[in-house]
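Novice: Here's my sequence, what's the structure:
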Amino acid sequence: MTDEFACLAVETATDVCTVAAVNAAEVHIVELPDPRASVRDIYHSINRVVSEAGLTLAELDCIAFGAGPGSFTGIRVAASVAQSLAFGFNLPVCRVSSLAVLAAGARQRHDVNCVAACLDARKAQAYLGIYQFAEDGTILSVLADQLVDPLAYRLDPDRPAFAAGPGWASYPTFAGLQGPAITGSDFTAKPSAGDLLALAQSQFRRGETVDAQSALPNYLRDRVTGT
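Specialist: From the prediction side, this is the model:
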C-alpha cells in the first residue's frame, strides 16, 4: 500500500472475523476467533484499530468490507457495519469480494499468480472464484465468483491455479478431481481484513466505491455451475 490512504476494513465471511485499519503504511489488525462475535465486539475492535492507527472514524478515506460470498450471518454483519459507518460519517464504501480477499492473501503468502479461492457454501455446494495477479499486484477475475457443485466442477487444465481456502477441504474429493490443474494448496487460508485493505486501496484509487445504500452483501444463491 502507498502513503496517504486511511481505511477501515471488516471481513466476517468465515468463522474468523477480522478488523483492520491502515494509516499510510501503518496497519493494525484485530482477529476475533469466535464466530459468534457480537456486533458490539466488532465495533469495539473497530474503535481499537482506528485509534491504534492514530485516526478517528471521520478522518478515514473510506470503509471497506468483505461482501461475500460466505457465511450469510457474517456478510450481513459486515455490510451492516459498513453501511452504518458510511452513513454516520459520510464516507464512500469499497465493496470487495471475500474470495478476492482470500486469493490476495494466498498470493501474498505463497508467491503465486493464479489462485482458485474456495469457501464452503454448505448444502453440498462451494463458492469458487479464480483470480490472476499481475507482477505489480493488480488483480483480475478470470472466473467470476459463483456457486459450484464440488462433485462435478472441473478447473480449466489450461489455466492451472493454486487452491486456497477451506472450501476445498470441506469436500475431500474436490481437489483430487482437478489433477494437474492445481499447482499447490493452502486449505487453511481464510479471507482477512489485512488483505482486504490492499484491494480496497486499489478500488478507491480507481473511484470504484459505492454509497452506503449500495453497500450490500453478495449471497450468490441464485445459480449452480457444474462445469
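Novice: Now do the contacts for Leu199.
Specialist: Leu199 makes contact with Ala64, Cys94, Val96, Ala100, Val101, Ala104, Ile139, according to CB atoms under 8 Å, 6 or more residues apart in numbering. From N, CA and C alone the C-beta is placed, and that goes for glycine too.
Novice: Read off the pLDDT value for the residue nearest to Glu26 when sequence neighbours are not counted.
Specialist: Spatial nearest neighbour of Glu26, excluding adjacent residues (CB to CB, 6 or more residues apart in numbering): Ala53 at 5.9 Å. In this prediction, Ala53 carries a pLDDT score of 97.
Novice: Might one say that Ala53 is in contact with Asn23?
Specialist: Yes. In this structure, Ala53 is within contact of Asn23 by CB atoms under 8 Å, at 4.0 Å.
Novice: Which neighbours do those two have in common?
Specialist: Counting by CB under 8 Å, 6+ apart, the contacts common to Ala53 and Asn23 are Ala6.
Novice: Roughly how far does Asp15 sit from Pro191?
Specialist: Distance of Asp15 to Pro191, given as CB to CB, to the nearest Å: 11 Å.
Novice: go on, Leu55?
Specialist: Look at Leu55 and Pro191: by CB to CB, they are 23 Å apart.
Novice: So for these two, which residue has more residues nearby?
Specialist: Shown here are Leu55 and Pro191; by other CB atoms under 10 Å, Pro191 has more neighbours (31 against 20).
Novice: The residue lying closest to Gly137 once chain neighbours are set aside is in what secondary structure piece?
Specialist: Spatially, and ignoring its direct neighbours in sequence, Gly137 is nearest to Ala198 (7.3 Å; CB to CB, 6+ apart). Secondary-structure assignment from DSSP states H and E places Ala198 in helix 193-205.
Novice: And for Tyr219?
Specialist: Using DSSP H and E, Tyr219 is not contained in any helix or strand.
Novice: same check, this time on Asp120
Specialist: For Asp120, the host element (DSSP H and E) is strand 114-122.
Novice: Please tell me how far that strand is from the chain's geometric centre.
Specialist: Distance of strand 114-122 from the chain centroid (CA atoms, centre = their mean, to the nearest Å) equals 11 Å.
Novice: Same question for stretch 86-94.
Specialist: Taking the mean of its C-alpha atoms, stretch 86-94 sits 19 Å from the chain's own mean (CA atoms, centre = their mean).
Novice: ditto for stretch 135-142
Specialist: Put simply, stretch 135-142 sits 15 Å off its chain's centre (CA atoms, centre = their mean).
Novice: Stretch 64-71 now?
Specialist: The chain centre lies 6 Å from the centre of stretch 64-71; the measure is CA atoms, centre = their mean.
Novice: Stretch 163-170 now?
Specialist: 14 Å.
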